[in-house]
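**Student:** Could you work out the structure for the sequence below:
(2 chains, ligands or ions: 2)
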Amino acid sequence: MTTMPMIESDIHPAVDNPPLPVFLPDDQLPSREGDRIIQFREALREAMSEEMRKDKRVFLLGEEVAQYNGAYKISQGMLDEFGPKRIIDTPISENGFAGMAIAAAMTGLRPIVEFMSWSFSFVAADPILNNAPKMLYMSGGQFGCPIVFRGNDGAGGQLASTHSWCVEALYANVPGLKMAIPSNPYDAKGLLKTSINDPDPVFFMESERMLGDKAHVPEEEYYIPFGRARVAREGDAITLVSFGRPVNFCLEAAETLAAEGIDVEILDMRTIRPLDIESIIESVKKTNKVLVVDQSWPFASIASEVVTQICERCFDWLDSAPARLNTADVPTPYAKGLEYDYLPNPERIVDAVRSLVNA
Amino acid sequence: MPQATAESSEQSTMNTAKADSQQSAVGQAPTAKTASQLPKEVLIKWLYDMQLIREFENRTMQAYQQAKIGGFCHIYTGQEAVAVGTIGCTNADDPVITAYRDHGHALARGMTPEACMAEMFGKTTGCAKGKGGSMHMFDRPNWLFGGHGIVSAQTPMGAGFAFSEKYQLEVIGIGKKKVTLCYMGDGALDQGCFHEAQNLASLWDLPVIYILENNGYSMGTAINRHTANAENLIDRAKGYGIRAAKIDGLDIMNIYNEFKPIVDDCRENSRPAFIDLKTYRYQGHSMSDPQKYRTKEEVDQYKDKDSIAKLCSDLMTMGHIDEAGWKSMRKEIADIVRGSVDHAENAPTPEPGELYTDVYANPEKNLSPTATYSHGTKNPLM
Ligand SMILES: Cc1ncc(C[n+]2csc(CCOP(=O)(O)OP(=O)(O)O)c2C)c(N)n1
Ligand SMILES: [Mg+2]
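**Tutor:** Ligands and ions are numbered 1, 2, ... in the order given. Sure thing, here's the model as predicted:
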């Protein structure tokens, strides 16, 4: 039987010289200040549209992404620009279309799979956990899987327990995947563009509660590298490590605490796999106290992982035991007040910081 | 190589063009309408491949019993006509994906017996450098996308390769009309994802052919105990608007006659199909199966209709091979397979550092608290 010639690659058979974007140091990224204020959802849309204009291998599929313009209006207008062959409405068959997209990625296409919510990804658990992150390894480096899975993660607003999943701790456990969790529109755009270009499967977490958040997003193109945390606020009393929506809770809590003379330092991790542990260590060496704020359940959470790594890497620099603040360890409740109490909300953060700093 | 590249967004890359010109020269499916009109070389090659698989599996069982092969290992013996006959209807660059009973498909696709055996021995020259084992045979140069251990996981992916080839043709403007072959056991009929895959394939006009290797058992559960209306499976596919046919899977000439027009039609008209191929496995489900669920008489009954014996006698009647030729073919194959075992025995085991390669294509730092990942070396056999 005949064989097919393989492209010679200096790097890796599956990578084929990855055209990774140019990553600028943080202080050379375009400014976060400026007139052009857009929503988080628009930032996501711009990221996808810019990459789709450049690379015909990139396409978007998911439920209601095309004719309905996106269940959350993230893909609004994209059908008009790119047509139905690249903006693809799927049936409600997460297992089927996720598996299908993975195969497309193995042959070199660059699918973006939108889960209406990560809560619905469990019916696709087999393809997204068993196939995407393991394909490169299981095939001995022959087939990679450059794919992005993205969608809403975490409590959306009184959706109760089936629709409020935080999947990061469950999924980040699996080697072979990368995970990005932006907290603001600027990072959302830069991280999603990087995700689309990365040759590995990227799990990208958004929050329904943040899609309307507005911030300056520059016109210039930029990419935010994985594994580089951002100092969202400087301070010396304690380090708050967070990612995604709870970064905003931390920022809110910081205002209250500042009024009491407590200046917290907030690290926005941006990606948790890779995890920028060096930046955490650097900050802990300055503040000697740390609280990890994580909107998933405490048991075996990302917070547990961060605390473990802190203990392993800079235990001697700590003045008190590293602490974590998670959602309450119960299924997500429906009632508005209960849901609020369940989250690592600003009041809970303020209380936790006070007791750590005043200990 | 079966990957679209960034530059190919605009036009064919050099590599794609190079690949395509090679493809058109070799590895094209035959065009004859019926198997009896096929050139002698094609028919002889079928016999050769089927016997290669049988001999290979005999040696596999031996090596397993000697504990040289570990894990779960599923023997293809009895079903050879299915892989060889259906793959024989396709071009060498049509994508193929299958389940864990995959040695036969790998060999029929052109994987060397060395790479296949070494994989099961867990050696560096195995097709996946010893990282996949018996159930996970991947062969990029031969367009084989696995070997999948989860029952039916390959069915949405089969639709995905068809989608990808269609997308490359229609959106990027590269490639050519292809058909994807997606093999599945009868157990996979019962998985939800197969129904999702059929719906997607039909809805989006994807040229994927689901080949049900209906050996009558899902492990120890006979088909009439695990799937409803088992006598009439093709009606299910028809329910999705998918062309479907029931084919005797023990007679390879018959497989060609009935399967080839379906392949050509799916390729030309970009439509899916479902084929219920009746076949039988001679060995247990895996290497550890006491086979209490079937009788020796039943097995013998199928052995009497053995597909290799049938093809051999047909070819003798046609004058394509004689006893002496058949004997020397078997001898040649036995030597090759023995050679593959020797190769696997003597091939190096992976270095400990290989544990951390091929996890990420872009292995950045801090991806793991305990591991430092790197690129693996390329397998010289693949
Ligand atoms: C999702 C899943 N469930 C169970 C198993 C265990 N298992 C492996 S093979 C098998 C039987 C499948 O039989 P069939 O699909 O008919 O294929 P055959 O072995 O006959 O080739 C089972 C139950 C599995 N691998 N995956
Ligand atoms: Mg079976």
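
**Student:** The helix or strand where residue A:125 lies vs chain B: in contact?
**Tutor:** Element membership for residue A:125, per DSSP states H and E: helix A:125. No. Legend: contact between helix A:125 and chain B by CB under 8 Å from any CB of the partner chain is lacking; minimum distance shown is 10.6 Å. Using the backbone N, CA and C atoms, a C-beta is placed for each residue, glycine as well.

**Student:** got it, and stretch A:145-152?
**Tutor:** Yes. Using CB under 8 Å from any CB, stretch A:145-152 reaches chain B at residue A:146.

**Student:** mind listing what's buried in that stretch?
**Tutor:** A:145-152 (16 or more other CB atoms under 10 Å in any protein chain shown).

**Student:** which among the residues you listed are in contact with ligand 2?
**Tutor:** The subset of the buried residues of stretch A:145-152 lying close to ligand 2, counting by CB under 5 Å from the ion, is empty.

**Student:** Could you see whether ligand 1 lies near the helix holding residue A:125?
**Tutor:** No. Against ligand 1, helix A:125 shows no contacts by CB under 6 Å from any ligand atom, the least distance being 11.2 Å.

**Student:** touching chain B at all, the next helix or strand after that helix?
**Tutor:** Remark: after helix A:125, the chain's next helix or strand is helix A:135-138, criterion DSSP H and E. Yes. Shown here: helix A:135-138 in contact with chain B (CB under 8 Å from any CB) through A:136-138.

**Student:** helix, strand or coil for residue B:294?
**Tutor:** coil (DSSP: H, G, I helix; E, B strand; the rest coil).

**Student:** residues in contact with the residue nearest to it when sequence neighbours are not counted?
**Tutor:** Closest residue to residue B:294 apart from its sequence neighbours, by CB to CB, 6 or more residues apart in numbering or on different chains: residue B:217 at 7.2 Å. Shown in contact with residue B:217 (CB atoms under 8 Å, 6 or more residues apart in numbering or on different chains): B:186, B:223, B:281, B:285, B:293-294.

**Student:** possible to save those as TSV with pLDDT, distance to residue B:29 and neighbour count?
**Tutor:** Compiled in TSV, the contacts of residue B:217 are given as follows (pLDDT from 0 to 100; distance: CB to CB, whole Å; neighbours: other CB atoms under 10 Å in any protein chain shown):
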residue	pLDDT	distance to residue B:29	neighbour count
B:186	98	27	22
B:223	98	31	18
B:281	98	27	20
B:285	96	32	21
B:293	96	38	15
B:294	97	36	14
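
**Student:** pretty sure residue B:281 contacts residue B:78?
**Tutor:** Yes. Under the contact definition of CB atoms under 8 Å, residue B:281 touches residue B:78, with a separation of 4.7 Å.

**Student:** Find residues that contact each of those two.
**Tutor:** residue B:215.

**Student:** What distance do you get for the closest residue to ligand 1 within chain B to residue B:231?
**Tutor:** Residue nearest to ligand 1 within chain B: residue B:185 (2.1 Å; CB to the nearest ligand atom). According to CB to CB, to the nearest Å, residue B:185 stands 18 Å off from residue B:231.

**Student:** can you check residue B:159 too?
**Tutor:** Residue B:159 is 26 Å from residue B:231, by CB to CB.

**Student:** For the most centrally placed residue in chain B, give its distance to residue B:307.
**Tutor:** In chain B, the residue lying closest to the centroid (CA atoms, centre = their mean) is residue B:105, at 2.8 Å. Per CB to CB, residue B:105 is found 15 Å from residue B:307.

**Student:** same deal with residue B:138?
**Tutor:** Residue B:138 is 26 Å from residue B:307, by CB to CB.

**Student:** which residues of chain B score low on pLDDT?
**Tutor:** B:1-26 (pLDDT under 70).

**Student:** that older thread, the more surrounded of residue B:159 and residue B:231?
**Tutor:** residue B:159 (33 against 10; other CB atoms under 10 Å in any protein chain shown).

**Student:** where does the more buried one land in three-state SS?
**Tutor:** With three-state DSSP as the basis, residue B:159 sits in helix.

**Student:** list the contacts for it?
**Tutor:** Contacts of residue B:159 by CB under 8 Å, 6+ apart are A:96, A:99-100, A:103, B:180, B:182, B:197, B:200-201, B:204, B:206, B:208, B:272.

**Student:** By neighbour count, which of the residues you listed wins?
**Tutor:** residue B:208 (36 neighbours).

**Student:** I'd assumed residue B:180 was in contact with that one.
**Tutor:** Yes. Contact status for residue B:208 versus residue B:180: in contact at 4.4 Å, counting by CB under 8 Å.
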